[in-house]
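Visitor: Turn this into a model:
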Amino acid sequence: MRLLDVAALQSLLVTGSIFDPAHARELERGKFLGRLSERITMPVMPDDETMQHLVTQAMADYLAERKDLELDGILYDSVQSQANGHNVALFHRAARCEAIELPKGSRVRSDTSMQTEDGFEPDYWVLEEVPAAVKEPKRDEDGFPDFDAYPRLWDQTPQDDRTVTLRVDANTLEVHEINAVQFTTSKYEVRRHRTERRPNEPDDF
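Guide: As a prediction, the model looks like this:
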């Protein structure tokens, strides 16, 4: 897959002559892309989520429509991990997940807990109920098959022409329940000063 590494935009190096009129424009573009990269990886507070995501949404929509770039998505640093964590946002055309093969008419049930003497306890399970094997449709007296026994064309699921890029490994699925959250912080000393105000000095704040 072809991804745009947003973090690399912060390392752009614009070279040229200060006497070249186009050089200033290139410097502005480089500065803009670097700042845009910072905005994408900046933590967003809940109250500002709608407005702050407009920048990244507009950028993603623009890149997705540029067919000449042939991009499948963007790669950017995670703000929740400092151990080289990365996130990948795939565009719609490159985000098709392979369907789990189930016979037609199957029923899937699932649950997240079970009842015990001490109450409900976590228990994650999925049950796939598949239909019994279908016998060959009987033929009538004239030798023609019973067409009513075959699936109708209008019952079929619409076809998705996108290339499959994702696959779920159902045999390794796990559920991780969050028990606690740890924050990484940076500590800064607060310096305190006191000076004598001059007479009739206006208030600046």
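Visitor: Tell me which residue is most central in this protein.
Guide: Central residue of the chain (CA atoms, centre = their mean): A89, 4.3 Å from the mean position.
Visitor: Now that residue. Its backbone dihedrals?
Guide: phi -110, psi 110 (degrees, to the nearest 10).
Visitor: show me where pLDDT drops low in this structure?
Guide: Filtered on pLDDT under 70, the chain yields the residue ranges 41, 43-53, 82-83, 134-157, 204-205.
Visitor: Is the residue nearest to the centre of the chain in contact with Q57, as I believe?
Guide: No - look at A89 against Q57 with CB atoms under 8 Å: they stay out of range, at 10.2 Å. All C-beta atoms are positioned from the backbone trio N, CA, C, and that covers glycine.
Visitor: which ones are touching the residue nearest to the centre of the chain?
Guide: Applying CB atoms under 8 Å, 6 or more residues apart in numbering, we find A89 in contact with 60, 73-74, 76.
Visitor: So in terms of bridging, what pairs with it?
Guide: Using DSSP bridges, the beta-bridge partners of A89 come out as I74.
Visitor: Let the chain start at 41 from now.
Guide: Shifting the count to begin at 41 puts that one at A129.
Visitor: What's the first helix or strand after the longest helix along the chain?
Guide: Criterion DSSP state H: the longest helix present in the chain is helix 61-80. The C-terminal neighbour of helix 61-80 among helices and strands, as given by DSSP states H and E, is helix 89-105.
Visitor: burial of K227, as a residue count?
Guide: 4 (other CB atoms under 10 Å).
Visitor: And it, how close does it get to N124?
Guide: Plainly put, K227 is 23 Å away from N124 if you go by CB to CB, to the nearest Å.
Visitor: Which of the helices or strands spans T205?
Guide: Assigned by DSSP H and E, T205 belongs to strand 204-206.
Visitor: got it, and Y116?
Guide: With DSSP H and E as the test, Y116 turns up in strand 113-117.
Visitor: In that strand, which of the residues would be classed as buried?
Guide: 113-114, 116-117 (16 or more other CB atoms under 10 Å).
Visitor: What is the burial count for the closest residue to L67 other than its chain neighbours?
Guide: Among residues not flanking L67 along the chain, V54 sits closest, at 5.3 Å (CB to CB, 6 or more residues apart in numbering). As a burial measure, V54 scores 14 neighbours (other CB under 10 Å).
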